[in-house]
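**Q** no sequence on hand, only this structure:
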């Protein structure tokens, strides 16, 4: 016997004549109002924080993942022996990160 019940009941939650309105910011970050053919007065709003996060996410997507010039300069410094590691600076940075996270 199949464990999945083939008797699926689909009920319509709103008729085609109801109106759903969406206010806020669309995917491209443009403010506006969209509506479809619904009349129930349901609405979805995007907060300014969500809008700011969307904008920030779009800005981050445009940034390169790696600063290739910095990688090349460090690689060159390692190759020619001029790259110096400062253990005290590393420890200070780790401790600062721990303070910020804690």
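**A** Ah, there it is. Remember, it's a predicted structure, so these values are computed and weren't measured experimentally.

**Q** any idea how far residue 67 lies from residue 46?
**A** 33 Å (Cβ to Cβ, to the nearest Å). The C-beta positions use only the backbone N, C-alpha and C, and glycine is treated the same way.

**Q** tell me which of the two has more neighbours.
**A** Shown here are residue 67 and residue 46; by other Cβ atoms under 10 Å, residue 46 has more neighbours (15 against 11).

**Q** pretty sure residue 75 is in a helix, no?
**A** Yes - membership of residue 75 in a helix is supported by DSSP: H, G, I helix; E, B strand; the rest coil.

**Q** okay, now the unreliable bits of this protein?
**A** Applying pLDDT under 70 to the chain flags residues 1-39.

**Q** can you give me the helices for it?
**A** With DSSP state H as the criterion, the chain has helices at 48-62, 68-80, 87-101.

**Q** just send those back as JSON lines, with mean neighbour count and distance to residue 42 too.
**A** Listed next are these as JSON lines, based on neighbours: other Cβ atoms under 10 Å; distance: least, Cβ to Cβ, whole Å:
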{"stretch": "helix 48-62", "mean neighbour count": "11", "distance to residue 42": "18"}
{"stretch": "helix 68-80", "mean neighbour count": "10", "distance to residue 42": "49"}
{"stretch": "helix 87-101", "mean neighbour count": "9", "distance to residue 42": "41"}
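
**Q** would JSON lines of those with distance to residue 41 be doable?
**A** Converted to JSON lines, the helices of the chain look like this (distance: least, Cβ to Cβ, whole Å):
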{"stretch": "helix 48-62", "distance to residue 41": "22"}
{"stretch": "helix 68-80", "distance to residue 41": "53"}
{"stretch": "helix 87-101", "distance to residue 41": "45"}
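
**Q** of all these, which lies closest to residue 40?
**A** The closest of those to residue 40 is helix 48-62. By Cβ to Cβ, the value is 23.2 Å.
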